[in-house]
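**Q** Quick one, what's the 3D model for this:
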Amino acid sequence: MTHLRNLISFTLNHSNISSSEKILLPFDFDFKLFLEKQASINSFSTCIDWLEENDEINYRTKKRYLDICWSIYGKSMSFIDDEIINYHKKFIKRYWKIKIENNTLHTLLLKYIENNKDRWSKISFHMKNIRNIVSE
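**A** A predicted model of the protein is given here:
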């Protein structure tokens, strides 16, 4: 998937692989297939479920999973459900120390999707962009 080519190294935090072990990924690595096979993630909602169930994983891994899910599923989202909003709100408060209301976050995320649809395939780090817009 060309829109994820900048995510070359991916740290895996699973029982069979050391958390410090890194894998160099080829340019044609299929992140969607990886999520489906490694964590049974096949939608943004199942990603949020997986992150909630695996809350002990570190910030960077959570951010990478969110970046990948935004890249794969974000552009096609016309509606963002409460589960996605609530998880992002919790993530933003916990890791970025920013308090934001659900309605404000919902509006900002929908606006982010709409404003970036034309260049979605070129964005690799959605969470960095989201942090920038919620920090304003």
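**Q** So, low pLDDT: which residues of the protein?
**A** Counting by pLDDT under 70, the chain shows low-confidence ranges at 1-28.
**Q** okay, which residue is most central for it?
**A** The centre of the chain sits closest to Leu66, judged by C-alpha atoms, centre = their mean, with a distance of 1.1 Å.
**Q** so which strand or helix has that one?
**A** Secondary structure assigned from DSSP states H and E places Leu66 in helix 59-69.
**Q** Check which residues of that helix are buried.
**A** Neighbour-count burial for helix 59-69 flags 61-69 (criterion: 16 or more other C-beta atoms under 10 Å). C-beta: built from backbone N, CA, C; applies to glycine.
**Q** can you check stretch 49-60 too?
**A** By 16+ other C-beta under 10 Å, the buried positions in stretch 49-60 come out as 49-51, 57.
**Q** again, but for stretch 105-119
**A** Under 16+ other C-beta under 10 Å, the buried positions of stretch 105-119 are 105-106, 108-109, 112-113, 116.
**Q** now the host helix or strand of Asn129, how far from the centre of its chain.
**A** Per DSSP H and E, Asn129 falls inside helix 126-135. Centre-to-centre, helix 126-135 and its host chain are 12 Å apart (C-alpha atoms, centre = their mean, to the nearest Å).
**Q** ok, now stretch 72-80?
**A** 12 Å.
**Q** If you count neighbours, what's buried in it?
**A** For stretch 72-80, a neighbour-count test (16+ other C-beta under 10 Å) marks 72-74, 80 as buried.
**Q** Quick check: of the buried residues of stretch 49-60, which lies closest to Ile92?
**A** Leu51 (13.4 Å; C-beta to C-beta).
**Q** got a list of what the residue lying closest to that closest one once chain neighbours are set aside touches?
**A** Leaving aside its chain neighbours, Leu51 sits nearest to Lys62 (5.7 Å; criterion: C-beta to C-beta, 6 or more residues apart in numbering). Neighbouring residues of Lys62 by C-beta atoms under 8 Å, 6 or more residues apart in numbering: 51, 91, 95.
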